[in-house]
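>>> Test case, fold it:
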Amino acid sequence: MSPAPAAVDWASVALTPLEAGDLDRLNAWQNDPEIIDLTMGFRGPVSRETTAEWITKVTDEHLKARAVFAIRRGATIVGVVQLQAIDWVQRTATLGVYVGEPGDRGAGLGRAAVCLLLDYAFNGLDLHRIGLEVIASNPAARLYESLGFQREGIRREPYLRDGARENVLLYGLPKDNWITVLPDAARRLA
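Numbering: from 1, shown residues only. Model (predicted):
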């Protein structure tokens, strides 16, 4: 096993439930074209009321088919990480993550959040495999590969971004290939 990257202050990063106080930031991010494109999300606009309903829904349905967490640095929400399409019979799920503010990206927060979520998925929920999809131009593909995800395929040009067609890369990570050891300072969920 390899140690988790130390660049981030692990003691300051936590995954917590979404809260009503997160509404304004979440709504802004759900309407940010860059985040929408990088996450291949709904192309909005998303009303504040719709975001509030989404927070209530993911809170009420926690662990039924998904687990959604705020990424927090200290008390401030900086992004969202989630397991979607959880299949409790096959013990699989799909990973989704974004760091909201451009100034927070590249600081290791997304990496720390993914490590914490994978630790929870494999050691807390006993899932067997986590998959993900990422547009080919998204630099996060390197992050996933560094954490043990292997590219399993490609969907050719299904996504339209800025007038150009983008390939989507398919990645998978079985539990036995999870190679990261979290530092003692990590605020684990499991």
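>>> Only C-alpha atoms from now on, for both contacts and neighbour counts.
Noted.
>>> With adjacent residues omitted, what lies nearest to Tyr120?
Of all residues not flanking Tyr120 in the chain, Ala190 sits nearest, at 5.2 Å (C-alpha to C-alpha, 6 or more residues apart in numbering).
>>> From Leu125, how far off is the one you found?
8 Å (C-alpha to C-alpha, to the nearest Å).
>>> can you list contacts of the helix or strand containing Leu15?
Secondary structure assignment for Leu15, by DSSP states H and E: strand 13-16. With contact meaning C-alpha atoms under 8 Å, 6 or more residues apart in numbering, strand 13-16 is reached by 69-74, 109, 112-113, 116-117, 186-189.
>>> hmm, back to that, could you give the number of residues near the residue nearest to Tyr120?
Per other C-alpha atoms under 10 Å, the neighbour tally for Ala190 reads 12.
>>> Please give me every residue in contact with it.
119-120, 123-124.
>>> which of the contacts of strand 13-16 sit farthest apart?
Among the contacts of strand 13-16, the pair separated by the greatest distance (C-alpha to C-alpha) is Gly74 and Leu117, at 17.4 Å.
>>> Settle it for me: which of these two has more neighbours?
Leu117 (25 against 11).
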